[in-house]
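> Pasted the sequence and its predicted model underneath.
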Amino acid sequence: MTPSYNFAFLDEDTKRMLRRALLKAVAIPGYQVPFGSREMPLPYGWGTGGIQVTAALLGPDDVLKVIDQGADDTTNAVNIRRFFARVAGVATTEHTADATLIQTRHRIPETSLREDQILVFQVPEPEPLRTLEPREAETRTLHALADYGLMHVKLYEDIAQYGHIATSYDYPVLVDGRFLTSPSPIPKFDNPKMDHSPALMLFGAGREKRLYAIPPYTRVESLAFEDHPFEIQRWEHRCELCGSGESYLDEVVVDDRGTRMFVCSDTDFCGQRRAEAQA
Amino acid sequence: MLAAFANPVFDSQRTFRELLQAMARPASPRALPILPPSPAPIAPAAMAILLTLCDATTSVWLQQPQREAVEHLRFHAGLRLVEQPQDADFALITDAASMPPLTSFARGDMRYPDRSASLIVQVAGFRSEGGAHFAGPGIRETESLAIDGLPWDFWQQRAALAVQLPLGIDLYFVAAQHVVALPRTTRLLES
Amino acid sequence: MYVAVKGGEQAIARSLELLAEARRGDAAVPELELAQIREQLRLGVARVMQEGSLYDEELAALAIRQAAGDMLEAIFLLRAYRTTLPRFGYTQPLDTTAMRVRRRVSGTFKDVPGGQVLGPTYDYTQRLLEFDTTTPVVVKPAETPLPSNMPRVLDLLDAEALIERIDAGSDPEPMDLTREPLMFPADRATRLQNLSRGDEGFLLSMAYSTQRGYAESHPFAGEIRMGEVDVVVCPEELGFAIEIGSITLTECQMINQFHGGNGVPPQFTRGYGLSMGEGERKAMSMALVDRALRCDELAEANYAPAQNQEFVLSHSDSVEASGFVQHLKLPHYVDFQAELSLLRTLAAQHAAATDEQPLSVAGGEAP
């Protein structure tokens, strides 16, 4: 642990500011709370929102897991885990089941989460309407009026053009029937895991200075139409390492003739399954 | 003067985690891990919440601003006290039976519903038997809870605010070492 | 047999070693001393302090050395350090009229009280590479010292009531952009804070665009002054003001034509720029952009990028912009996989649709 910095890097005033904002976020599910995001020692866009949320939560009894793309060993996940081991001296793990806090980028673990766990998402763009309306002053008003016609029109135009909704990740959700919310750029495969999750889910967007929350056991609906229900990705393949047919798969190019193989994106899930198969 | 948290960094972190779980799982009492010394009429559990969440950037309204309590809060938390309930980020209700109407507090505005008051209400106690039923985000099916010591029309007042969602007021009730949170989204079910 | 990629931790450790080696360069060449950077690269130090929002020449020099001269990286280093510093208090507003001026020029009057003072400027250097810098410089002192208190050029116009009046102390207490999030619409004090931390290159381009028809502004450089200004605090427990030191500042006041509107008569209006150290390009750019962003207040047509406050203020910060542009090098293969499978579905559908129809029909536009 680096002694010249406060526990978990942030000063106590900043933690209090984050904690107040997090409590309001939980009280208003899916609503983006503006907060005084600080410059962190990692670049904006690299998980500063998630890092600030984690820093506000973290205590000496926590066991922290950090994943990027579902994997514990991607360089940015390693770097963030290393950062907290250095500035907070907390225990870290790669096992989903052993973690009290999980910070993630782009995935929700395959292993079901429990009530005593908290999932922290790194969010690049918290505003689900941003690509349809870049002006913050406008999107605030649309949320105030719960006017999500823009998004429905966009999805409907997809159907008219392609025959189905052409959004494969960062697929917008309606939280508790009120706020249209970005699930962060997780693949839509993970969206159903958010609905009535036993674990609290917190979202931090550092560069955009917004945070939001989805409390446990909260209705989270992926937008859809009656004649075009929401569907998740399916593969014709199984994981070539553990044989799973239910997990999200990464496609890997294994030789210069372009041969592909498919493996689990969640490295802990895959590893556990292989260990069980061997036992 | 009394002391505050013995170990501010870790005591406030542990208290916050309980408050976060309380807010995420409404109507379910949780034990606060640390009860700091507190001058009357402030209960130690309420003091733990104030020390955890409030500082010079928050405005706090005290229902009973007694001198010793005011000095204690100013010294340990440096917080800003306000005269009017509608100016408060946090309000401390030390005598629930005579608390001002909920409509005296800020409920946020439609573009920023988070600019609303959080109330810390000291009550007589919590009971799960014979309690009312609650539902909403954070509650798996329903939670049953009775909160003792609130004004007779409290639940009517709160229900009247529900039409303004997402505007609203978020509540922390404390009794002895327990805290119960009721965010604006929690509904009291008709029995 | 494929094995999932492992060893991220080791790869990072090796990369840090390579970086340290590359930063140091040839070990036979002496390492740069901070004093050399502070004294001989003072304009770089000024920029890092300004955009890093921290007036500390020593730390800025350290950041520049650690960043191997990459100014944006140095600014980021200083910001990340600054964010952990506790706040002891706030200074009184700086009084730039009392600046001990070392440079002061005006483009609006041939002569002004106190005179035009070039000071140390690159303006008239002729930009010939100086291959020999060994000849020592001897500065000839001025015959008469500069007055200790130079009136502001814009105050001369003020006496004639030709320029908008902004009374000292009439501004509301500003919010602190380093502690609170930016919200829209942002008031002028907030906009100025944002611009002062903004990337010089971005502001320069935005300012330039206002001169080329993207926001009609007709600017004149009313006054540019550079020199030392005292920093004063008034601690609550003391109850009186004390001077804690002085800092170098560059201030620019632009004068812009204004034809009247929103109940305001025709008059000159002001654009304001301020920069730590010698930062003239930055201060001038800031003043032009500040004025362009006042379009709504002055009921001017709002159509150009430099007038759009959400556009300007959301994209001015180099730490934010650099982080987000560069985050694209992080793995995105989960989302890319999602897009791949979507594209394969779309392509298959497209192929099936084309197969079903004769070419001549497929070529025709469906209604």
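Sure, I can see it. Residues are numbered from 1 along each chain as shown, chains lettered A, B, ... in the order given.
> after the top helix by length along chain B, next one along is what?
For chain B, the longest helix by residue count, based on DSSP state H, is helix B:8-24. Using DSSP states H and E, the helix or strand that follows helix B:8-24 in sequence is strand B:30-31.
> Which neighbouring elements make contact with the helix or strand just after that following strand?
Next in sequence after strand B:30-31, counting helices and strands by DSSP H and E, comes helix B:44-53. Helix B:44-53 sits against helix A:12-27, helix B:8-24, helix B:67-77, strand B:90-93, strand B:118-122, strand B:170-175, strand B:178-182, with contacts defined as 3 or more C-beta pairs under 8 Å, 6 or more residues apart in numbering or on different chains; DSSP states H and E. In short, each C-beta sits where N, CA and C put it, glycine included.
> closest one to chain C among the ones you listed?
helix A:12-27 (7.7 Å; C-beta to the nearest C-beta).
> what's the distance between residue B:13 and chain A?
Relative to chain A, residue B:13 is positioned 4 Å away (C-beta to the nearest C-beta, to the nearest Å).
> That residue contacts residue A:55, doesn't it?
No: using C-beta atoms under 8 Å, residue B:13 is not in contact with residue A:55; the gap is 10.2 Å.
> Overlap in contacts, these two.
When contacts are counted by C-beta atoms under 8 Å, 6 or more residues apart in numbering or on different chains, residue B:13 and residue A:55 are jointly contacted by residue A:15.
> residues in the stretch 51-200 of chain C within reach of chain B, list them.
With C-beta under 8 Å from any C-beta of the partner chain as the criterion, the stretch 51-200 of chain C meets chain B at residues residue C:179.
> any low-confidence regions in chain C?
C:1-6, C:356-367 (pLDDT under 70).
> top helix in it by residue count?
The residue-count maximum for a helix in chain C (DSSP H) belongs to helix C:333-356.
> quick one: that helix near chain A?
Yes: using C-beta under 8 Å from any C-beta, helix C:333-356 reaches chain A at C:333-335, C:337-342, C:345-346, C:349.
> need those residues in JSON lines with neighbour count and distance to chain B, can you?
JSON lines is the format used below for these (neighbours: other C-beta atoms under 10 Å in any protein chain shown; distance: C-beta to the nearest C-beta, whole Å):
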{"residue": "C:333", "neighbour count": "17", "distance to chain B": "32"}
{"residue": "C:334", "neighbour count": "25", "distance to chain B": "27"}
{"residue": "C:335", "neighbour count": "18", "distance to chain B": "28"}
{"residue": "C:337", "neighbour count": "23", "distance to chain B": "32"}
{"residue": "C:338", "neighbour count": "25", "distance to chain B": "28"}
{"residue": "C:339", "neighbour count": "15", "distance to chain B": "32"}
{"residue": "C:340", "neighbour count": "13", "distance to chain B": "35"}
{"residue": "C:341", "neighbour count": "18", "distance to chain B": "33"}
{"residue": "C:342", "neighbour count": "19", "distance to chain B": "31"}
{"residue": "C:345", "neighbour count": "16", "distance to chain B": "35"}
{"residue": "C:346", "neighbour count": "15", "distance to chain B": "37"}
{"residue": "C:349", "neighbour count": "13", "distance to chain B": "39"}
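> Let's have the residues you listed in CSV, adding distance to residue A:187.
Formatted as CSV, the residues of helix C:333-356 next to chain A follow (distance: C-beta to C-beta, whole Å):
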residue, distance to residue A:187
C:333, 11
C:334, 6
C:335, 7
C:337, 7
C:338, 4
C:339, 9
C:340, 11
C:341, 9
C:342, 10
C:345, 14
C:346, 16
C:349, 20
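> circling back: would you reformat the helices and strands packed on helix B:44-53 as JSON lines and include distance to chain C?
Output for the helices and strands packed on helix B:44-53, formatted as JSON lines (distance: least, C-beta to the nearest C-beta, whole Å):
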{"stretch": "helix A:12-27", "distance to chain C": "8"}
{"stretch": "helix B:8-24", "distance to chain C": "14"}
{"stretch": "helix B:67-77", "distance to chain C": "13"}
{"stretch": "strand B:90-93", "distance to chain C": "18"}
{"stretch": "strand B:118-122", "distance to chain C": "19"}
{"stretch": "strand B:170-175", "distance to chain C": "20"}
{"stretch": "strand B:178-182", "distance to chain C": "25"}
